[in-house]
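1. the amino acid sequence is not available; the structure is as follows:
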């Protein structure tokens, strides 16, 4: 049986266009982390900074 983990699905939002391009899960035990990642933006066709957006 799998362990019960405190994980939540969040979206990664592009800071330049505002598009929600990626969905990932993060560990929310101890609060939601605030981090940025450089991911590919299909609209701009280049890598941009993406931040966590909770729905």
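-> Arrived safely. It should be emphasised that the depicted structure is a prediction, and the values quoted were computed from it without experimental measurement. Numbers count the residues shown, from 1 in each chain.
2. please enumerate the strands of this structure.
-> 7-14, 20-27, 36-41, 46-53 (DSSP state E).
3. so how far is residue 27 from the spatially closest residue to residue 40 that is not a sequence neighbour?
-> When the adjacent residues along the chain are set aside, residue 40 lies closest to residue 47, with 5.6 Å between them (C-beta to C-beta, 6 or more residues apart in numbering). Where C-beta positions appear, they are placed from N, C-alpha and C, glycine not excepted. Residue 47 sits 25 Å away from residue 27, going by C-beta to C-beta, to the nearest Å.
4. one more: residue 53?
-> 17 Å.
5. and the closest residue to residue 17 other than its chain neighbours, what's its pLDDT?
-> Spatial nearest neighbour of residue 17, chain neighbours left out: residue 43 (5.2 Å); criterion: C-beta to C-beta, 6+ apart. Listed pLDDT for residue 43 reads 96.
6. what is the burial count for residue 43?
-> 12 (other C-beta atoms under 10 Å).
7. so who does it touch?
-> 14, 17, 19 (C-beta atoms under 8 Å, 6 or more residues apart in numbering).
8. before we move on, what about residue 46?
-> Listed by C-beta under 8 Å, 6+ apart, the contact partners of residue 46 are residue 40.
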